[in-house]
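> Below is the sequence, then the predicted model.
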Amino acid sequence: MDPAGGCPHSDNARLLAAGPVAEIVLPGDVPGMAVLGHEALREFLAHPDVAKGAQHFTALRDGRIPDGWPLKTFATVQGMTTADDADHRRLRSLVSKAFTARRVEELRPRIETVTTQLLDDLDEAAAAGDGVADLRTRFALPLPMGVICELLGVDAEFQDRLHQLSNQVVSTSIGPEEAMAANREMVAVLATVTQTRLENPGDDLTSALLAAREEDGDRLSPHELIGTLLLMIIAGHETTLNLITNAVRALCGHRDQLHLVQLGKASWSDVVEETLRWDSPVSYFPFRYPTRDLTLDGTLIPKGTPVLAGYSAAGRDPSAHGPDADRFDITRTGGARHLSLGHGPHYCLGSPLARMEATIALERLFTRFPELDLAVPEAQLRRHASFVGNSVRELPVRPRA
């Protein structure tokens, strides 16, 4: 795997042509595997003999993974993404109350208000910048970051730094010292957040988690609390940030599809779902481990192997989505439903919130600026330095023609 990331789709197509499961080499020459095919990934994500806990990672357990390995946090953070069975159900139940349909719907007016304010900011920034502004920094980032921090009770003063640290945590190209420093600082910032909420509890998820810990210390350890907040911060904004960014890029590059929505022949929800399939916000997510030697679609995955879930590859798998799987088509019918928000016990808890944020953001953006377009050719956009996240670093646009 190229730790510098880049656009994954050509490599995905090449790998898929060879089969739905591939042997890979992770940073540091760590052997692993990736599940790329839609049906193989769907089976793998829900397989009873596949675990998330780091104790099943053979190389890590045997001391062959050094400190500072860029993907170590994904394996060792204590929270829902690395818990199995009863532990996973316990942690998920504590967090799920913040993502009920009622609670998410209650956020709609706030999301709409913030969206309007950010569009004003984007317009002003473009006016001051020869008609060009970075939509990713001015709009796609602060919307989900503000919402998840509000849900968690994270004060505004921490938000910029948490985003910067999140970028480093998900990066696959930074060195060991930088990776360790980012993780230490992330833990320190989140410890400050929890202490603030402990002293001044509010109607937020962090306060609720702290109350649960105080009521029953066995329900949530200090490490699990920090790990849960880290997961929520990263997953709660990085994925939606990429989703909005990728959807805007897709629509600007496919004006015919944008016109369909503007004419009422398709919905903004259709745009969100097709973007999730066609250009998944997450390309390869670490890690799952077979708890026994596992044969998947004819390929052996040895017990304890670190396996990447290849969401961007599965989204364009022709065997599931048809011979035109690499075409962006918001009117697409038939074929398989995408897996970009997961499948099985670890299906994304925040999916209703992410869908709502992206739908509102895109509708308001293109209603306010119907002629919005990229300010530079797509080929000139700099890609993420990671094979985990799938997007670009900046998105310069011209909101007005």
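It's in. From a predicted model like this one, the values you see are computed outputs, not experimental measurements.

> So which elements touch the helix or strand of the chain with the lowest mean pLDDT?
Least confident helix or strand, the chain: helix 205-215 with a mean of 79, by mean pLDDT, DSSP states H and E. On a contact count with 3 or more C-beta pairs under 8 Å, 6 or more residues apart in numbering; DSSP states H and E, helix 205-215 meets helix 85-96, helix 142-152, helix 176-199, helix 222-253. Using the backbone N, CA and C atoms, a C-beta is placed for each residue, glycine as well.

> which of the residues in it are buried?
If you call a residue buried by 16 or more other C-beta atoms under 10 Å, then helix 205-215 has these buried ones: Leu205, Thr206, Ser207, Ala208, Leu209, Leu210, Ala212, Arg213.

> gap between that helix and the chain center?
Remark: helix 205-215 is offset 25 Å from the chain centroid, using C-alpha atoms, centre = their mean, to the nearest Å.

> okay, it in PDB with CA atoms only?
C-alpha atoms of helix 205-215 as PDB (Å, rounded to 0.1, in the frame of the first residue of the first chain):
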ATOM      1  CA  LEU A 205     -22.500  12.900  25.100                       C
ATOM      2  CA  THR A 206     -19.200  13.300  27.000                       C
ATOM      3  CA  SER A 207     -21.200  14.300  30.100                       C
ATOM      4  CA  ALA A 208     -23.500  11.400  29.600                       C
ATOM      5  CA  LEU A 209     -20.500   9.000  29.300                       C
ATOM      6  CA  LEU A 210     -18.900  10.400  32.400                       C
ATOM      7  CA  ALA A 211     -22.200  10.000  34.300                       C
ATOM      8  CA  ALA A 212     -22.400   6.400  33.200                       C
ATOM      9  CA  ARG A 213     -18.900   5.800  34.400                       C
ATOM     10  CA  GLU A 214     -19.600   7.400  37.800                       C
ATOM     11  CA  GLU A 215     -22.800   5.400  38.200                       C
END
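
> From the rest of the structure, what touches it?
94-95, 97-98, 151-154, 193-194, 197-198, 201, 219-222, 225, 228-229, 232 (C-beta atoms under 8 Å, 6 or more residues apart in numbering).

> Which members of those residues are classed as buried?
Buried, going by 16+ other C-beta under 10 Å: 94-95, 98, 151-154, 193-194, 197, 220, 225, 228-229, 232, out of these.

> shaky segments in the stretch 1-150 of the chain?
Judged by pLDDT under 70, the stretch 1-150 of the chain has no weakly predicted residues.

> distance of the residue nearest the centre of the chain from Glu357?
Ranked by distance to the mean C-alpha position of the chain (C-alpha atoms, centre = their mean), the top residue is Thr239 at 2.9 Å. For Thr239, the distance to Glu357 equals 10 Å [C-beta to C-beta, to the nearest Å].

> now Gly5
24 Å.

> what about these two, which has more around it?
Glu357 (29 against 21; other C-beta atoms under 10 Å).

> Mind checking what helix or strand follows the helix or strand harbouring the more buried one in sequence?
Following DSSP states H and E, one finds Glu357 within helix 351-368. Once the chain leaves helix 351-368, the next helix or strand it forms, by DSSP H and E, is strand 373-374.
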